[in-house]
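J.: my questions concern the predicted model and sequence given below.
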Amino acid sequence: MDDVIRPKYLLIDELTYELLIRGINISRPHDEKRKILCRALDKERTSGVSLINLDKYDVSLETQIKEINNTLNSIETLIKEFEGSSNDSLYKRLRSRITHVTSRILRLITPDDQSDVKNELYANALLLDADLEESLSQSEPINTSTTFSAVTPVINVQPPIVNCNSRYTNVSDLNITFNGDPGKLPSFLEHVTDLSKSRKISDDELFNSAVELFVDDAFIWFRSVKNTVSDWTSLVSLLKSEFLPTDYEDQIWEQIKSRKQKRTEHVTIFIAHLENLFSRLSKSPLEATKIRIIMSNLLPEYISHLVLRDVSSVSELNSLCKKLEAASIHSPKSKSHVCSYDTSSGIQTTASSSTHKVQSVQFHTNPKTNTCSISNKSKINLQNQNKPTENQSPKVICWNCKQPNHAFQFCLAKEIYSVTDVDTQTLKFRIVPIVQKTLKERTHLWPTFLPF
């Protein structure tokens, strides 16, 4: 058992006490204080002369008892969570702090009527010492290398020890500070809470080392109020009341209501942003209120599918939205539209991958005028054909004027093609430009409109 105080494992208040009883009253960075105390303890060990002078430590008995109780409570909390070996940083910290508080209790000068208080404190310190050693013995592996076999010699190899316990971290190692900017206070408190839980830093240690979390204006403010608060919870409440604006709650609600899901934003990230804003309110809204607000701020594609669903929790809403998002991503894309030209009518259309079939056209021929015209029934069929169906989005393009949404038969532009040389017996005819009038260029074809 190591009963030597190691300054690097002491908290700020404990470090200050050890310096004051040795007549060192300074205001320096904590790292320098630790170096100074370490050097003073080395001098005591080498010279054999104690530098402690309690006359220079003028603090009331009530204040000392309160500080000792705070230290004992903090140590007790950490021992309950400790599951490691003697090589762990947390064990060394607890050992140094128990040695410090035990020595401090023994130095207490109490009147005869309060001697029981000192005895109780000393008994509590010894009990914590025993609990620490007990938790250490339970977590230390049993060495089976000395086990022998009476029949066949067996070489017992001790399995490797894998320690998965997180190492202890000082508050100063969190690298988080608050400079007094009101806009940064919520994120500062969230970071401190998350990191302190992940690194097993208790609220008592946060409060005792709170001076390391403040810089600039916030540091000056903390020095002026540190004697008015007694724990981390009251310090956080005071921080919010001093630095946050009076309409902070209204501002958060405005952010919540105006926070809409972006077109390229995953629904999980969007809901997480709103959940984070909800957590910054002094009182968390009801689950039904959260669901209603989140649904109203989702993209319309989600709302149309969720409007008839009964959702009981935000997690259920998130799960449903993720399924809709996955379905949207993996759904087959709409088929690309391609242009097709139907030679039976001379109509250029835009259709999907399935061929857009054009109805047959009936013609009336007039041998006297040598012309050909489309029947009224065919005109009606073409008009109906030009109307796109419900699942189809084709565009009819006139090959006469090159404009969409009408066929050549209904083109109002000046006709640049005409039908000539119709054979009434075989119904052979030819479409030629109007400017071509010579008979030698005529060619008899089957009844069809030729593409231009």
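T.: Okay, I see it.

J.: residue 128: neighbour count?
T.: 22 (other C-beta atoms under 10 Å). (Each C-beta comes from the backbone N, C-alpha and C, glycine too.)

J.: got the contact list for it?
T.: If you count contacts by C-beta atoms under 8 Å, 6 or more residues apart in numbering, residue 128 has them with 72, 75, 76, 79, 98.

J.: try 6 Å this time
T.: 75, 76, 98 (C-beta atoms under 6 Å, 6 or more residues apart in numbering).

J.: just the ones of these in helices?
T.: Among those, the ones falling in helices (DSSP state H) are 75, 76, 98.

J.: so how far is residue 114 from residue 240?
T.: For residue 240, the distance to residue 114 (C-beta to C-beta, to the nearest Å) stands at 39 Å.

J.: more neighbours: which of these two?
T.: Between residue 240 and residue 114, residue 240 has the larger neighbour count (other C-beta under 10 Å), namely 15 against 12.

J.: grab the nearest non-local neighbour of that one.
T.: Leaving aside its chain neighbours, residue 240 sits nearest to residue 185 (7.2 Å; criterion: C-beta to C-beta, 6 or more residues apart in numbering).

J.: which helix or which strand is home to that neighbour?
T.: helix 185-198 (DSSP states H and E).

J.: what comes up buried for that helix?
T.: For helix 185-198, a neighbour-count test (16 or more other C-beta atoms under 10 Å) marks 185, 186, 188, 189, 192, 195, 196 as buried.

J.: going by distance to residue 122, which of those residues wins?
T.: For the buried residues of helix 185-198, the minimum distance to residue 122 (C-beta to C-beta) is 30.5 Å, reached by residue 196.

J.: so where's the chain uncertain?
T.: Counting by pLDDT under 70, the ranges of the chain that qualify are 1-2, 137-173, 307-308, 328-395, 408-410, 412-452.

J.: let me see the domain layout of it.
T.: 7-139, 171-243, 248-330, 338-441 (automatic domain parsing).

J.: tell me where the stretch 201-350 of the chain has helices.
T.: For the stretch 201-350 of the chain, helices defined by DSSP state H, counting those that start in this stretch occupy the ranges 203-208, 216-225, 232-243, 248-258, 267-279, 287-297, 300-306, 314-330.

J.: okay, these, which one's buried deepest?
T.: Of all the helices of the stretch 201-350 of the chain, helix 203-208 has the most neighbours on average by mean count of other C-beta atoms under 10 Å, namely a mean of 20.

J.: other SSEs contacting it?
T.: On a contact count with 3 or more C-beta pairs under 6 Å, 6 or more residues apart in numbering; DSSP states H and E, helix 203-208 meets helix 232-243.

J.: go with 10 Å
T.: On a contact count with 3 or more C-beta pairs under 10 Å, 6 or more residues apart in numbering; DSSP states H and E, helix 203-208 meets helix 12-20, helix 61-81, helix 185-198, helix 232-243.

J.: would you list those in a markdown table and tack on distance to residue 325?
T.: Putting these into a markdown table (distance: least, C-beta to C-beta, whole Å) gives the following:
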| stretch | distance to residue 325 |
| --- | --- |
| helix 12-20 | 50 |
| helix 61-81 | 40 |
| helix 185-198 | 27 |
| helix 232-243 | 36 |
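
J.: residue 306 is nearest to which of the ones you listed?
T.: helix 185-198 (29.5 Å).

J.: tell me what angle the closest one forms with helix 248-258.
T.: Put simply, helix 185-198 runs at 90 degrees to helix 248-258, going by axes from the mean of the first three to the mean of the last three C-alpha atoms, to 10 degrees.

J.: use 868 as the first number for this chain going forward.
T.: In the new count, where the first residue is 868, that last one comes out as helix 1052-1065.

J.: now do helix 1052-1065 against helix 1083-1092, angle only.
T.: Using the same axes, to 10 degrees, helix 1052-1065 lies at 70 degrees relative to helix 1083-1092.

J.: for helix 1052-1065, list the C-alpha coordinates in CSV.
T.: Only the C-alpha atoms of helix 1052-1065 are listed here, as CSV (Å, rounded to 0.1, in the frame of the first residue of the first chain):
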residue,chain,number,x,y,z
LEU,A,1052,-23.0,28.2,-23.3
PRO,A,1053,-25.5,25.5,-24.3
SER,A,1054,-22.9,23.6,-26.4
PHE,A,1055,-20.3,24.1,-23.7
LEU,A,1056,-22.6,22.5,-21.0
GLU,A,1057,-23.5,19.6,-23.4
HIS,A,1058,-19.8,18.9,-24.1
VAL,A,1059,-18.9,18.9,-20.4
THR,A,1060,-21.8,16.6,-19.5
ASP,A,1061,-21.0,14.1,-22.3
LEU,A,1062,-17.2,13.9,-21.8
SER,A,1063,-17.5,13.8,-18.0
LYS,A,1064,-19.8,10.7,-18.2
SER,A,1065,-17.5,9.0,-20.8
